[in-house]
Every structure is written in C-alpha cells, then in structure tokens.
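A.B. asks: Quick one: sequence and predicted model below, then my questions.
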Number of protein chains: 2
Amino acid sequence: MSLRVLLADDEHLIRGALAALLALEDDLVVVAEAASGPEALAMARAHRPDVAVLDLEMPGADGVSVATSLRDELPHCRTMIVTSHGRPGHLKRALAVGVRGFVPKTVSAQRLAEIIRTVHAGNRYVDPELAADAISAGDSPLTAREAEVLELAADGAPVAEIAERAALSQGTVRNYLSSAVTKTGAENRHAAVRLARERGWV
Amino acid sequence: MSLRVLLADDEHLIRGALAALLALEDDLVVVAEAASGPEALAMARAHRPDVAVLDLEMPGADGVSVATSLRDELPHCRTMIVTSHGRPGHLKRALAVGVRGFVPKTVSAQRLAEIIRTVHAGNRYVDPELAADAISAGDSPLTAREAEVLELAADGAPVAEIAERAALSQGTVRNYLSSAVTKTGAENRHAAVRLARERGWV
DNA sequence: GCCCCCTTCTGACATTTGTCATGCGAGCCG
DNA sequence: CGGCTCGCATGACAAATGTCAGAAGGGGGC
C-alpha cells in the first residue's frame, strides 16, 4: 500500500517537477496537486491524502492556515511545510498547529522523500538550520497588543491611521510603539518592524 | 547537436527537479548546475552553455548581475531569468543587460523548455503578465539622488544616518525625501520606500 | 548664450514622532 | 483581600520629520 501525497505550491514549475521526482519513489504516489490554499483544502477533502506537502507562500491561504484547517477536518492526514524563505516565526506557528515537518526548498528531492516517510510514520522533522534560527531568535518579548500595533505600522502608516484601524487612541498607539521600539532595541518603529519581521515576532 | 543548458537556482529541490524534467526533452541537455551567483559564473566559464537559466534570487550575486557578467565574458551565451516574485524593476534591469527571457515560476516545465528554445534561437520572451505590470508601473519619476536616498532610508534609518552614509547634509536629505514622497504620492518616506519597491523604482 | 533641470545647501516653520510620568480599571496569583 | 501586571488612556515635552522658499553652481540642449 503506497503513501498518498498531496502537493500544494503555487509555482507550477516546482510543483510539476516535484511531482515527477516523487513519482520515481516506489512507495510514494502523488494523488493531488493544488496551486492555492483553498484549492489545497478542496483537494485534500476529495482525495484524503496521508501526507500534505504545503508551500508556505500561496495565494488565498498560506501553508499554516491550510494545515490548521486540515488538522480539524482530516485529523489522520499529516502535514508538512516546504518553504523558500523560512523565518523563525513561521516555524513556531507551524509547529503550534500540529505541522510535523518543516523544511527549506534547498533540500534535495531524495531528502524530501525521506522526510515525507518520516512524517508519515508519525515522527517530526525540522530542518536543523531553521531550528537553530528559531532558538537563537528567542521568544517574542512583545505583548499581544504591541505586536498588533507594530503590524499595523508595517506599511508606513502614520499613527493616526494605526489608531483608527486598531480602535485605540493615538497616545496609546504611541506608547505601544514606543515600548516595542525599546524592546527590539531599534532606532524607530520602522526599524522595529523590520527586526520583528526578521525574528518572526509578527 | 543538442542545446546545452546551465541551471542556476539556490533551491536544490527546484533545481534538481527542473534538471530532471528538462532532461526528458530530447534536444536539451543540462550541462551544469549552480546554487549561487558566483558558482553560476564559474560553471558557465567551465562548461560554456548555450543558454543560462538563472534564478533571480540567489546568494552571492543575483540573476541580473550574473547575466551582466555573462554578457561580457561569454557573449554567445543567451541568458534568461526565472523568478518567483517578479517585480517590474527587475524585468527592466534584466532587459537592459541583455537578458532575453523573463518568466515566473508559475509556468510549466514544457513551457519553459519551449522558451529555452525560443531564447536560444535569438528571440526574446517575456511573460505577458509581468510585461503588463512593467508597463503599468511606468518609468520612475525619481531622480538618481532621490532614488539613492530613498534606498538608504529603506531600513528605517533616521535622517542623520542617511545623511552620513550619503555624504550629504541633513537638510538636503530631507529635501530629497520630501520630493520623493511627493512624487510617489505616499504618506511618508516609509510608505514611499514600499511603493517604490513595488514598482521597481529602486 | 540662455534656459531648464539636477544637485546641493541654508534657514524657518508646522507636524509627527518618541519618551515619560501618571492615572484608572480588570484580571490573576498567592 | 492585597499586590501585581496588563490594557488603555491623558498630557506634556523633546526630538525627528515633512514642507517650503530661496540661492548658487553645473551641465545639456536648442
């Protein structure tokens, strides 16, 4: 009985190529492919794969959201995330929703096949380098509100706009931003946004 | 005589998969693979491919820099760029240095093979959607200095630091930033940086 | 040669930020 | 229950930023 795999990645080139390579493995069969988050969900419902290999960046819904839905809808289906630019925060979020594998796209197809088997067996696999990053980045020192406000500041909006969107007073927004800037050790909130992004705190 | 291809992409998964798929085409042979910009150059010198397929995002040197060097060193070698997230500016820069193909990773391997042949024949191919984006983004309204200063402002540095790094007075920096903000129609310089990035003006 | 644009500067001003002190209510832990 | 932290707010002040006017020099184009 072979191991049924769902592949979700918006880059057709990669998805197709991956499907071809995984097909070379005797014990793996790609039963469905998807190019977006919602499509991945629909495919999973229809084909009930054993393992879902999800790209982190997809239109519609990202890999972690899809994994969350899958955990609830198809509990027997293991999920794993493949990504180009893995940030520590993504890894944490992924593990928190029950994702069992997290690997960068720099691995080889053989490695990926092995990891799919590992995950299917019920074990977890996290890329060592990404794990090290996540550990060295540490836990977020930001409170929930600080992170929220910082996120709203991400596109360079002025305080007035942030305050409105967060339904807070401007003074409060400035206080949160100030403490976020202090905690990150940044020069101002824009640099703070950058740092928090890099460390996966937002 | 078959068409000799160099593949450069830092994502092993994609590169390997791609090599496998292109190998299925009778007239194509992948003579070299590279995982970084410098490695791509070295491989090109050693193997003298007919077409170099370069990823835009690579460690060391990006696809466009590699293409520039290749144009000078191996004029007979055609270059093309493959990318996940193509911004209009990248496309312009690429065409300016003689790149003959520019495609997103959402195309299929068959399409890619066709495009490789097109490029080898001396024709150009640019993904229609990316081309449309580039046209609608228009030409940059920013002067050279404005763009330079805006770039230095990208990581959220305060004016004092930008002034120092650009060897300009703070007042001058503020003037340039002000005019850049006006021209982009942004609310402040941080949003201006974002807009300029999106449109490929930096 | 003249005009226009770019670069660079100065100075002045209004506005936006960052920072700090302080206050109050809610929830939690011992 | 008392103390603690957290969320949310004000108000005030200093610093950074955005905007404007003006001025001098250097091309480039016509």
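C.D. replies: Everything's here; your move. Numbers count the residues shown, from 1 in each chain, chains lettered A, B, ... in the order given.
A.B. asks: When you work out contacts or count neighbours from here on, use the C-alpha atoms and nothing else.
C.D. replies: Noted.
A.B. asks: Would you mark the buried spots in the helix or strand A:S65 falls within?
C.D. replies: Using DSSP states H and E, A:S65 falls within helix A:63-73. Neighbour counts over helix A:63-73 (16 or more other CA atoms under 10 Å in any protein chain shown) mark A:G63, A:V64, A:S65, A:V66, A:A67, A:T68, A:L70, A:R71 as buried.
A.B. asks: Toward the C-terminus, what is the element adjacent to the helix ranked longest in chain A?
C.D. replies: As assigned by DSSP state H, the longest helix anywhere in chain A is helix A:170-184. From helix A:170-184 onward toward the C-terminus, using DSSP H and E, the following helix or strand is helix A:189-198.
A.B. asks: tell me how far that following helix is from the chain's mean position?
C.D. replies: 19 Å (CA atoms, centre = their mean, to the nearest Å).
A.B. asks: and that helix, does that touch DNA strand C?
C.D. replies: Yes. For helix A:189-198, a contact with DNA strand C is found by CA under 7 Å from any atom of the strand, at A:R189, A:H190.
A.B. asks: Show me what that helix packs onto, helices and strands only.
C.D. replies: Secondary-structure packing of helix A:189-198 (3 or more CA pairs under 8 Å, 6 or more residues apart in numbering or on different chains; DSSP states H and E): helix A:144-152, helix A:170-184.
A.B. asks: Show me which of the buried residues of helix A:63-73 is closest to B:A17.
C.D. replies: Using CA to CA, A:G63 comes nearest to B:A17 of the buried residues of helix A:63-73, at 21.2 Å.
A.B. asks: Tell me which stretches of chain A form helices.
C.D. replies: A:12-23, A:37-47, A:63-73, A:88-96, A:109-120, A:128-137, A:144-152, A:159-166, A:170-184, A:189-198.
A.B. asks: Measure how the third one sits relative to helix A:88-96, angle-wise.
C.D. replies: Using axes from the mean of the first three to the mean of the last three CA atoms, to 10 degrees, the direction of helix A:63-73 lies 10 degrees away from that of helix A:88-96.
A.B. asks: need the residues of chain A near DNA strand C, please.
C.D. replies: So chain A meets DNA strand C at A:157-160, A:171, A:174-175, A:177-179, A:181-182, A:187-190 (CA under 7 Å from any atom of the strand).
A.B. asks: and if we set it to 6 Å?
C.D. replies: A:P158, A:V159, A:R174, A:N175, A:L177, A:S178, A:V181, A:T182, A:N188, A:R189 (CA under 6 Å from any atom of the strand).
A.B. asks: mind checking pLDDT for the fourth one?
C.D. replies: To tie it back to what came earlier, the one meant is A:N175. A:N175 is assigned a predicted lDDT (pLDDT) of 93.
A.B. asks: circling back to that earlier point, what would the helices and strands packed on helix A:189-198 look like in JSON lines with mean neighbour count?
C.D. replies: As requested, the helices and strands packed on helix A:189-198 are exported to JSON lines (neighbours: other CA atoms under 10 Å in any protein chain shown):
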{"stretch": "helix A:144-152", "mean neighbour count": "19"}
{"stretch": "helix A:170-184", "mean neighbour count": "18"}
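A.B. asks: now the ones you listed as CSV including distance to B:L195?
C.D. replies: Listed next are the helices and strands packed on helix A:189-198 as CSV, based on distance: least, CA to CA, whole Å:
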stretch, distance to B:L195
helix A:144-152, 16
helix A:170-184, 23
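A.B. asks: On the pLDDT front, check A:A137 for me.
C.D. replies: 67.
A.B. asks: Flag the shaky bits of chain A, pLDDT-wise.
C.D. replies: A:137-138, A:140 (pLDDT under 70).
A.B. asks: dump the residue contacts of the spatially closest residue to A:D127 that is not a sequence neighbour.
C.D. replies: Leaving aside its chain neighbours, A:D127 sits nearest to A:V103 (5.2 Å; criterion: CA to CA, 6 or more residues apart in numbering or on different chains). Contact partners of A:V103, counting by CA atoms under 8 Å, 6 or more residues apart in numbering or on different chains, are A:I81, A:V82, A:T83, A:Y125, A:V126, A:D127, A:L130.
A.B. asks: A:R117 is in contact with the fourth one, correct?
C.D. replies: No. Applying CA atoms under 8 Å as the test, A:Y125 and A:R117 come out as separate, 10.3 Å apart.
A.B. asks: Chain A against DNA strand D: which residues are in contact?
C.D. replies: Near DNA strand D, when you scan chain A using CA under 6 Å from any atom of the strand, you find A:T143, A:A144, A:R145, A:L168, A:S169, A:G171, A:T172.
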